[in-house]
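Novice: no sequence on this one, just coordinates:
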């Protein structure tokens, strides 16, 4: 199975989390009020670093949707990919490069706290 998220930047923030279930590298993570993704595989009980912010991430995108630079992006757990269509989904960042509807991956700035920030 291909990774949902692949870190492409040297600057990123993490939070440590003790796993309650096994995970694979690139899996999406929901840690109470923080979203993120795992860098490596882990087993139950492992303490893992979860990427919560990163300036450049290569992410699986919903087929048939296009991204423009700056579009807000949302996590759709039902299909396991990132989409520019809000539909009451949590915002997890914005597009850093345009992506065509036929593309299966796109580049984004990932912010796992964005859904919880009130402006």
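Specialist: Yep, it's here. None of these values were measured; they are calculated from a predicted model. Numbering: from 1, shown residues only.
Novice: What's the separation between residue 12 and residue 91?
Specialist: According to C-beta to C-beta, to the nearest Å, residue 12 and residue 91 sit 18 Å apart. For every residue, glycine as well, the C-beta is placed using N, CA and C.
Novice: actually residue 34, not the one I typed
Specialist: 13 Å.
Novice: Could you give the average pLDDT over stretch 77-84?
Specialist: Averaging pLDDT along stretch 77-84 gives 93.
Novice: Now the terminal residues of it, how far apart.
Specialist: For stretch 77-84, the first and last residues are 14 Å from each other (C-alpha to C-alpha, to the nearest Å).
Novice: Show me what counts as buried in that stretch.
Specialist: 81, 82, 83, 84 (16 or more other C-beta atoms under 10 Å).
Novice: CSV for those residues, including distance to residue 20 and secondary structure?
Specialist: As requested, those are exported to CSV (distance: C-beta to C-beta, whole Å; DSSP: H, G, I helix; E, B strand; the rest coil):
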residue, distance to residue 20, secondary structure
81, 23, strand
82, 24, strand
83, 27, strand
84, 31, coil
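Novice: Out of the residues you listed, flag the one nearest to residue 108.
Specialist: residue 82 (6.7 Å; C-beta to C-beta).
Novice: Might one say that that closest one is in contact with residue 108?
Specialist: Yes - counting by C-beta atoms under 8 Å, residue 82 touches residue 108, with 6.7 Å between them.
Novice: so what sits against both of the two?
Specialist: Common neighbours of residue 82 and residue 108 (criterion: C-beta atoms under 8 Å, 6 or more residues apart in numbering): 59, 73, 92.
Novice: from those, which ones fall inside strands?
Specialist: Among those, DSSP state E puts 59, 73, 92 in strands.
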